[in-house]
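Asks: here's my sequence, what's the structure:
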Amino acid sequence: KRYNVKTLIACIAVSVFVFLFCKCFVIDIAKINSLSMSPSQKQNEWVFIRPYTFLSPNIKRDDIVQLAVPISSLDSVTQINILFKRVIGLPHDTVSINQSLVFVNKEKISVNNNLLHNYIIKFKQQKDTALFSQETITEKYLVDDSCVYIVTLTNDKFFQLKGKGVSIQANAEDSGLYDENIFPQHPPVKWNKDFFGPLCIPKKGDTLHLDTANIVFYKKLISVFDKNSLPITSSLHFIPPQEATYYIVKQNYYFVIGDNFDNSIDSRYWGFIPESAIRAKLIK
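Replies: Below you'll find the model as predicted:
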């Protein structure tokens, strides 16, 4: 009996160890909690993930990663959320957005074909809303009582409906319109969700030459993500233990977006995503 008890305890201990090892390093499950990754990942869908650790392969463009938000304790959002986003910008990539189209290193990326955008549809009468069921349009919002709706579609679907004579138009920001919520939250940098960048993504070991014009892009990276003290004077930036006008990046950074492009809070709002904020990768 004593032998059997010891064997049972040993089996349980080994099983628990194997389970925890697999959960922490090999495979786990998670729930999609938002619509920001529609249509590729549906809200409330359960997916398999691989925890991002030293055992994981390198992050590649188009990977879907799990992030812990808020990314830092200084962010205004205090409730911890786990969100999934698509990586489009790797270290040393240059990301820009022009007329809602995403470019990486000056080339339009293929993921644009699957991104969802908001469009405005105007119907003459309520019965015309039968179009929604005919075209399987599920994400729609009534703007007012005059049969005006905001719908979420891909670009291809937009042109398809427009070709059928549907009264539909884009609901995008204008070029040069400053949005205070968009990174780097600095009025002279007039970026918005549809016109953004160009922004170069830092890589571990890069030397950033700092001045009063570009410090707005790197202040959070240096002081929050890399945990340095950064008092700013009119011309100099101080990084202990000595005064410096340059900074060597301590970790890799990334740029992420949501596939539900117009209804996603992502790197357009947050800026650079540190590698330390990535919890897991989606297993496709």
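Asks: give the helix, strand or coil label for the nearest residue to residue 170 once chain neighbours are set aside.
Replies: Nearest non-adjacent residue to residue 170, counting by CB to CB, 6 or more residues apart in numbering: residue 119, 5.9 Å away. In short, each C-beta sits where N, CA and C put it, glycine included. Secondary structure, DSSP: H, G, I helix; E, B strand; the rest coil: residue 119 is strand.
Asks: how about residue 119, what does it touch?
Replies: 150-153, 158, 168-171 (CB atoms under 8 Å, 6 or more residues apart in numbering).
Asks: mind checking which of those residues are buried?
Replies: Buried subset of these (neighbour count, 16 or more other CB atoms under 10 Å): 150-153, 158, 168, 171.
Asks: got a list of what the nearest residue to residue 182 once chain neighbours are set aside touches?
Replies: Distances taken as CB to CB, 6+ apart place residue 191 nearest to residue 182, at 5.0 Å, with adjacent residues excluded. Residue 191 sits next to 178-179, 182-183, 197, 268 when contact means CB under 8 Å, 6+ apart.
Asks: same check on residue 116?
Replies: Here residue 116 is in contact with 38-39, 139, 152-154, 259-263 (criterion: CB under 8 Å, 6+ apart).
Asks: report the separation between it and residue 35.
Replies: Look at residue 116 and residue 35: by CB to CB, to the nearest Å, they are 9 Å apart.
Asks: now do the shared contacts for the two.
Replies: By CB under 8 Å, 6+ apart, the residues touching both residue 116 and residue 35 are 139, 260, 263.
Asks: the first one touches residue 152, doesn't it?
Replies: Yes: counting by CB atoms under 8 Å, residue 139 does reach residue 152; the two are 4.0 Å apart.
Asks: now do the shared contacts for the two.
Replies: Both residue 139 and residue 152 are in contact with 38, 116, where contact means CB under 8 Å, 6+ apart.
Asks: ramachandran angles for residue 89?
Replies: phi -120, psi 120 (degrees, to the nearest 10).
Asks: beta partners for it?
Replies: Beta-bridge pairing for residue 89 (DSSP bridges): residue 255.
Asks: what's the burial count for it?
Replies: By other CB atoms under 10 Å, 26 other residues sit near residue 89.
Asks: these two touch, right, it and residue 268?
Replies: No: with contact defined as CB under 8 Å, residue 89 does not reach residue 268; the gap is 11.1 Å.
Asks: lowest-confidence entry in the buried ones among the contacts of residue 119?
Replies: The lowest pLDDT within the buried ones among the contacts of residue 119 belongs to residue 171, with 89.
Asks: dump stretch 175-183 to CSV, restricted to CA.
Replies: Taking Å, rounded to 0.1, in the frame of the first residue of the first chain, the C-alpha atoms of stretch 175-183 are listed here in CSV:
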residue,chain,number,x,y,z
SER,A,175,-5.2,64.0,-44.7
GLY,A,176,-3.6,66.4,-42.3
LEU,A,177,-6.4,66.1,-39.7
TYR,A,178,-4.8,65.9,-36.2
ASP,A,179,-6.3,63.2,-33.9
GLU,A,180,-5.2,63.7,-30.3
ASN,A,181,-5.7,60.0,-29.6
ILE,A,182,-3.2,58.9,-32.3
PHE,A,183,0.5,58.3,-31.5
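Asks: from now on call the first residue 54
Replies: Happy to do that; since the first residue is 54 now, the last one works out to stretch 228-236.
Asks: in it, what's buried?
Replies: Neighbour-count burial for stretch 228-236 flags 232, 235-236 (criterion: 16+ other CB under 10 Å).
Asks: residue 72: which of these is nearest?
Replies: Residue 72 lies nearest to residue 236 out of the buried residues of stretch 228-236, by CB to CB, at 40.0 Å.
Asks: residue contacts, that closest one?
Replies: Taking CB under 8 Å, 6+ apart as the test, what residue 236 contacts is 244, 252, 320-324.
Asks: between the contacts of residue 169, which sits nearest residue 147?
Replies: Distances from residue 147 to these, taken by CB to CB, are shortest for residue 314, at 19.0 Å.
Asks: can you count the residues close to that closest one?
Replies: Using other CB under 10 Å, residue 314 is surrounded by 25 other residues.
Asks: residue ranges with poor pLDDT in the stretch 154-303 of the chain?
Replies: Regions of the stretch 154-303 of the chain meeting the criterion pLDDT under 70 cover residues 283-297.
Asks: which stretches of it form strands?
Replies: In the stretch 154-303 of the chain, the segments counted as strands under DSSP state E, counting those that start in this stretch are 154-157, 160-161, 170-175, 193-195, 201-206, 221-223, 249-253, 260-262, 290-292, 295-297, 299-301.
Asks: all set now, cheers.
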